[in-house]
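Chemist: Need a 3D model of the sequence below.
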Amino acid sequence: MSKEILEDLKLNTKFTETEISQWYENFQKQCPSGRITPEEFEQIYMRFFPESDAKTYARHVFRSFDTNDDGTLDFKEYIIALHMTSTGKTTRKLEWAFSLFDVDKNGYITKTEVTEICQAIFKLIPKEEQCKLPDDENTPEKRANKLWSYFEKKDNERLAEGEFIKGVIENDNAMRLIHYEPIKE
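Modeler: A predicted model of the protein is given here:
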């Protein structure tokens, strides 16, 4: 790993040089090419969600992490992603969530994009949990409608990043609807 990348990651994440070096070693073992393909990323996700169909969601997450749009994740993109989704501040996580929902990467979210991501999130929810969901959340479309309603936008309007972050921060239900956490037993 180059000194520049190491310094950049130390500056932009909460990870120590030791942690970054350990991850780099593992990354090199798992991905000798130095890059993760969308298929490899899907395999990683499927291990986290063995009871679910994680493929669609993994594809969207991959797209949001592939910041240089080259169709692969390099080590730097991988670590930044890890940081943003695990240890980052709420605002940083929501910036990432916005990029996840911004399917066409035009800087805005539409209700169609919200529906597309809600469908992918819904596939992560095991069938036995889906039947326990509230009536207004028990289909991807209902979840999308409920989430979209928090932003007070018409169906044909679009949402900017700041509006998305503000809307989610101001509403716990919106925060819950933008991702899926398995029920703790």
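Chemist: Quick one: list the elements packing against the helix or strand bottoming out on mean pLDDT in the chain.
Modeler: Within the chain, no helix or strand scores below helix 75-86, which has a mean of 82 by mean pLDDT, DSSP states H and E. Packing contacts for helix 75-86, counted by 3 or more C-beta pairs under 8 Å, 6 or more residues apart in numbering; DSSP states H and E, involve helix 3-12, helix 17-30, helix 55-65, helix 90-101. From N, CA and C alone the C-beta is placed, and that goes for glycine too.
Chemist: among those, which is nearest C131?
Modeler: Distance to C131, taken as C-beta to C-beta, is lowest for helix 55-65 among the helices and strands packed on helix 75-86, at 20.0 Å.
Chemist: Toward the C-terminus, what is the element adjacent to the helix or strand where I121 lies?
Modeler: Using DSSP states H and E, I121 maps to helix 111-124. Sequence-wise, the next helix or strand downstream of helix 111-124 (DSSP H and E) is helix 127-130.
Chemist: Put the alpha carbons of that next one into CSV.
Modeler: Taking Å, rounded to 0.1, in the frame of the first residue of the first chain, the C-alpha atoms of helix 127-130 are listed here in CSV:
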residue,chain,number,x,y,z
LYS,A,127,-40.0,-14.2,5.1
GLU,A,128,-40.8,-15.0,8.7
GLU,A,129,-40.1,-11.4,9.7
GLN,A,130,-42.0,-9.9,6.7
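Chemist: ok, the most centrally placed residue in the chain - contacts?
Modeler: For the chain, the residue nearest the mean C-alpha position is V61 (4.6 Å; C-alpha atoms, centre = their mean). Each residue near V61 by C-beta atoms under 8 Å, 6 or more residues apart in numbering is listed here: 41, 45, 100.
Chemist: Can you tell me which member of those residues has the lowest pLDDT score?
Modeler: The member of the contacts of V61 with the lowest pLDDT is Y45, at 80.
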